[in-house]
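1. Have a look at this prediction, sequence included:
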Amino acid sequence: MARATRNGTVIAESNDTIVVEGNHYFPANSIRNEFYRQSDFHSVCPWKGRASYYHIEVNGKRNKNAAWYYPEPKEMAKMIEGRVAFWRGVEIIL
């Protein structure tokens, strides 16, 4: 079971993560929605496409743009469609 944690709080967990470029992509239904706030930030990866982001809020503290996903990934990245990955202080525990 892989777990994504922020300050000791589990924000996602799943037995079905996909690792791409060293990042664990969790199924969207494995995240705990109460910790996620939609961000207006976007980035572009040449082979995956346009990423959208979430802020993560745990115990009243916001971690800006700490989770991302590809709503419409390019063909080469279809395996991560409907999945969320993390960075910026989110720990992945395997």
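-> Received, thanks.
2. Any idea how far apart the tips of stretch 18-32 sit?
-> For stretch 18-32, the first-to-last residue distance is 18 Å (CA to CA, to the nearest Å).
3. let me redo that: stretch 41-55
-> End-to-end distance of stretch 41-55 (CA to CA): 10 Å.
4. Just the buried positions in it, please.
-> 48-49, 51-55 (16 or more other CB atoms under 10 Å). Glycine gets a C-beta too; all of them are placed from N, C-alpha and C.
5. Export these as JSON lines, with columns for distance to Glu91.
-> Below are those laid out as JSON lines (distance: CB to CB, whole Å):
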{"residue": "Lys48", "distance to Glu91": "23"}
{"residue": "Gly49", "distance to Glu91": "26"}
{"residue": "Ala51", "distance to Glu91": "21"}
{"residue": "Ser52", "distance to Glu91": "22"}
{"residue": "Tyr53", "distance to Glu91": "18"}
{"residue": "Tyr54", "distance to Glu91": "16"}
{"residue": "His55", "distance to Glu91": "17"}
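6. Closest one of those residues to Ser39?
-> When the buried residues of stretch 41-55 are ranked by distance to Ser39 (CB to CB), Tyr53 comes first, at 4.1 Å.
7. the strands in this structure, which residues?
-> For the chain, strands defined by DSSP state E occupy the ranges 2-6, 9-14, 18-20, 23-27, 36-45, 49-58, 61-69, 83-86, 91-93.
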